[in-house]
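Undergrad: heads up, no residue letters with this:
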């Protein structure tokens, strides 16, 4: 007599059980990032482009995600140390890294890279790019790029240029510049952007390739002389400063780009949620203004677009480094 209600109860219980199973993945996805704070690794010392970007976007991303984001500087080995830390982190979205264009250069230099950028990471999205400037101590006799090239050719091996370290994009910018202009420059590596610029102002070195943010105030104060933008496009912040293309160095582009990567096999739902928060932070007027004032051109992307871009950059830097026989030992 109770068989009919019992059958109905069984059906309802089965349906509820199936519904809970189907909902489980969705609940797991929406739970991120409720479990714990997110660590945003910066594989360089404080003060550089990676660090500036991390500290600019982290507060807004925290608000959008509803979770604390901790910026963790892990410098060393040309950025490989901190990046490798993330490569071996749990693929759950709680440990991510701000990677610069350097990750597509290091594999082709004479250094040990403990990871493969195209296999050990999930691209999350692009953040920004920033042009490099070629700057000189104002006591030097050359006032522009053409005069510098003529002076360097007449004085081979007598001009030193500083960089934040061996294998950095600033170092690569100098090596490629010397090859394309048929000049001989001596590279002087430092442990970070700060000391590199400080010694340039003091006259210990004559030249440096540096980001706008690290030298703009010194150029405006007359402590450094800006010779040109290391690319083909003028900077909106220094519109009167000529580019290398204006000086006849065609095809040269040493702009830095920055992105966020997660460990390989991080779930797509988690990657997409991080990507959405990044895009939201970059579109925030206050964040955009802060970054623009420091020379960054913000540019968000999808994870797939970043993956394709990294593949193209790997090809480009392999060609540039191989063709110019550039080797760096760390």
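TA: Done, it's in. Worth saying up front: this structure is predicted, and the values here are computed from it rather than measured.

Undergrad: show me what contacts the residue nearest to residue 125 when sequence neighbours are not counted?
TA: Closest residue in space to residue 125, ignoring its immediate chain neighbours: residue 275 at 4.4 Å, by C-beta to C-beta, 6 or more residues apart in numbering. Backbone N, C-alpha and C define where each C-beta goes, glycine included. By C-beta atoms under 8 Å, 6 or more residues apart in numbering, residue 275 lies in contact with 124-125, 300, 302-303.

Undergrad: repeat that for 10 Å
TA: 123-126, 260, 262, 300-303, 306 (C-beta atoms under 10 Å, 6 or more residues apart in numbering).

Undergrad: In helices only, show me these.
TA: Judged by DSSP state H, these include 303, 306 as members of helices.

Undergrad: what two of the contacts of residue 275 are the furthest from one another?
TA: Taking C-beta to C-beta as the measure, the contacts of residue 275 span a maximum distance of 15.9 Å, between 262 and 300.

Undergrad: Who has more neighbours out of these two?
TA: Just comparing residue 262 and residue 300: by other C-beta atoms under 10 Å the higher neighbour count belongs to residue 262, 26 against 18.

Undergrad: So for the more buried one, what's the pLDDT?
TA: Note on residue 262: pLDDT of 98.

Undergrad: That one touches residue 269, doesn't it?
TA: No. Using C-beta atoms under 10 Å, residue 262 makes no contact with residue 269, being 11.9 Å away.

Undergrad: anything in contact with each of the two?
TA: Common neighbours of residue 262 and residue 269, counting by C-beta under 10 Å, 6+ apart, are residue 93.

Undergrad: How much space separates residue 82 from residue 39?
TA: If you measure residue 82 against residue 39 using C-beta to C-beta, to the nearest Å, the figure is 11 Å.

Undergrad: Under the pLDDT cut-off, which ranges of this protein? List them.
TA: 1-30, 328-330 (pLDDT under 70).

Undergrad: domains for it, by residue range?
TA: Domain assignment for the chain by automatic domain parsing gives 35-129+255-323, 132-229.

Undergrad: Compile those into a markdown table and extend it with columns for distance to residue 247.
TA: What follows is the domains of the chain, written out as a markdown table (distance: least, C-beta to C-beta, whole Å):
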| stretch | distance to residue 247 |
| --- | --- |
| domain 35-129+255-323 | 16 |
| domain 132-229 | 4 |
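
Undergrad: Of the ones you listed, which is nearest residue 248?
TA: The nearest among the domains of the chain, by C-beta to C-beta, is domain 132-229 at 8.1 Å.

Undergrad: gap between the two ends of the closest one?
TA: 6 Å (C-alpha to C-alpha, to the nearest Å).

Undergrad: coming back round to it: residue 82 and residue 39: who's more crowded?
TA: Taking other C-beta under 10 Å, residue 82 and residue 39 do not tie; residue 82 has more neighbours (22 against 18).

Undergrad: Helix or strand for that one, just tell me which one.
TA: helix 80-87 (DSSP states H and E).

Undergrad: Can you give the distance of that helix from its chain's centre?
TA: Centre-to-centre, helix 80-87 and its host chain are 14 Å apart (C-alpha atoms, centre = their mean, to the nearest Å).
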